[in-house]
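Engineer: got a structure for you, letters missing:
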């Protein structure tokens, strides 16, 4: 094999997992997750995690290995991915990294900044302040101290606003400044084949709608209800469709309204994913999985 690893990115519901599995079976590969939601153990349905049957067809790493109550970060992902890569290589398998989280691919190919860990007392105080005044007000306080980072963050994103506020409190330096000095990427000096799945928009929209219908039939309502008490500041609270499906399970809204809300939010998220990929992944091979076979494509592109 002329490549040391394969990267497969794409929006939600685009068929990434199927492409990765087909490649793993054809080329003695191991599938490594690069999606920030599929790391969580308690949400296999909501995250469309690989099934037990899929996992039996090829080794899978970093799926469901984290609790939803953990504040899992891209830094932890980088360490976990490095270990998974070594495991895959140790088995003599081609690492195939697949997912929809742009920051994870950035960690793999460009490296991450060495931001010092936040002391527990500062972290607890920042969290208490968030609970007291809310994310919009915390964003205003961040903007007063660190306007550079605040300008890059949505004032409705509690996880990232809280993180930036903590870093300023702990270091006196903007998070954006720390991020300008990344460490070496995990995949440094490796021969990489890089793909982005690019479906026509109508087709992707239909796949997203079909996926939610399938999720509900598979038990997504009970899964969502079990996560009702999840802290909204935790990363897992961003699970697509979580809130409307909880409302449906509790009988607060109807099925059509819940699915419409979940599907609309997911389509908007997929649009943001594609914007990120277009801006950051111009050197990847873009293809429509309905028209092209990834195994054949890999054999055709130059190393």
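Structural biologist: Cool, the structure landed. Computed from a predicted model, the values in this text were never measured in an experiment.
Engineer: Please report phi then psi for the residue nearest to residue 10 when sequence neighbours are not counted.
Structural biologist: Distances taken as C-beta to C-beta, 6 or more residues apart in numbering place residue 197 nearest to residue 10, at 3.2 Å, with adjacent residues excluded. In this view, the C-beta of every residue, glycine as well, is placed from N, C-alpha and C. Backbone torsions of residue 197, given as degrees, to the nearest 10, read phi -80, psi 130.
Engineer: Could you report the separation of residue 197 from residue 294?
Structural biologist: Look at residue 197 and residue 294: by C-beta to C-beta, to the nearest Å, they are 9 Å apart.
Engineer: shaky segments in the stretch 1-150 of the chain?
Structural biologist: 1, 114 (pLDDT under 70).
Engineer: mind listing the helices in it by residue range?
Structural biologist: 16-27, 52-57, 74-90, 102-109, 120-133, 135-145, 147-150 (DSSP state H, counting those that start in this stretch).
Engineer: I'd like those helices laid out as a markdown table, including mean neighbour count.
Structural biologist: Formatted as a markdown table, the entries for the helices of the stretch 1-150 of the chain read as follows, by neighbours: other C-beta atoms under 10 Å:
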| stretch | mean neighbour count |
| --- | --- |
| helix 16-27 | 21 |
| helix 52-57 | 12 |
| helix 74-90 | 17 |
| helix 102-109 | 22 |
| helix 120-133 | 14 |
| helix 135-145 | 17 |
| helix 147-150 | 18 |
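Engineer: who wins for proximity to residue 254 among those helices?
Structural biologist: Judged by C-beta to C-beta, the one of the helices of the stretch 1-150 of the chain that comes nearest to residue 254 is helix 135-145, at 29.3 Å.
Engineer: Now do that closest one and helix 120-133, the angle between them.
Structural biologist: With axes from the mean of the first three to the mean of the last three C-alpha atoms, to 10 degrees defining the directions, helix 135-145 sits at 120 degrees from helix 120-133.
Engineer: helices or strands up against helix 135-145?
Structural biologist: Here helix 135-145 touches helix 120-133, helix 147-150, helix 158-171, going by 3 or more C-beta pairs under 8 Å, 6 or more residues apart in numbering; DSSP states H and E.
Engineer: where along the stretch 201-303 of the chain do the helices fall?
Structural biologist: When secondary structure is read from DSSP H, counting those that start in this stretch, the stretch 201-303 of the chain shows helices at 201-218, 220-226, 242-249, 255-280, 294-300.
Engineer: Contact partners for residue 112?
Structural biologist: Contacts for residue 112 (C-beta atoms under 8 Å, 6 or more residues apart in numbering) come out as 74-75, 78, 106, 182-183.
Engineer: Go through stretch 30-48 and flag the buried ones.
Structural biologist: With burial defined by 16 or more other C-beta atoms under 10 Å, the residues of stretch 30-48 counted as buried are 30-40, 42-48.
Engineer: Out of the contacts of residue 112, flag the one nearest to residue 206.
Structural biologist: For residue 206, the nearest member of those is residue 106. The distance, counting by C-beta to C-beta, is 29.7 Å.
Engineer: Could I get the phi/psi values of the residue nearest to residue 113 when sequence neighbours are not counted?
Structural biologist: Counting by C-beta to C-beta, 6+ apart, residue 113 lies nearest to residue 179, which is 4.3 Å off, once chain neighbours are set aside. Here is the backbone geometry of residue 179 (degrees, to the nearest 10): phi -70, psi -10.
Engineer: so residue 179 touches residue 115, yeah?
Structural biologist: Yes. In this structure, residue 179 sits in contact with residue 115. The criterion is C-beta atoms under 8 Å, and the distance is 7.5 Å.
Engineer: ok, these two, which is more surrounded?
Structural biologist: Ranked by neighbour count (other C-beta atoms under 10 Å), residue 179 and residue 115 place residue 115 first, with 19 against 15.
Engineer: How about that one: what's its closest non-neighbour residue?
Structural biologist: Excluding the flanking residues, the one nearest residue 115 by C-beta to C-beta, 6+ apart is residue 178, at 4.6 Å.
Engineer: how many neighbours does that neighbour have?
Structural biologist: The burial metric for residue 178, expressed as a neighbour count using other C-beta under 10 Å, is 18.
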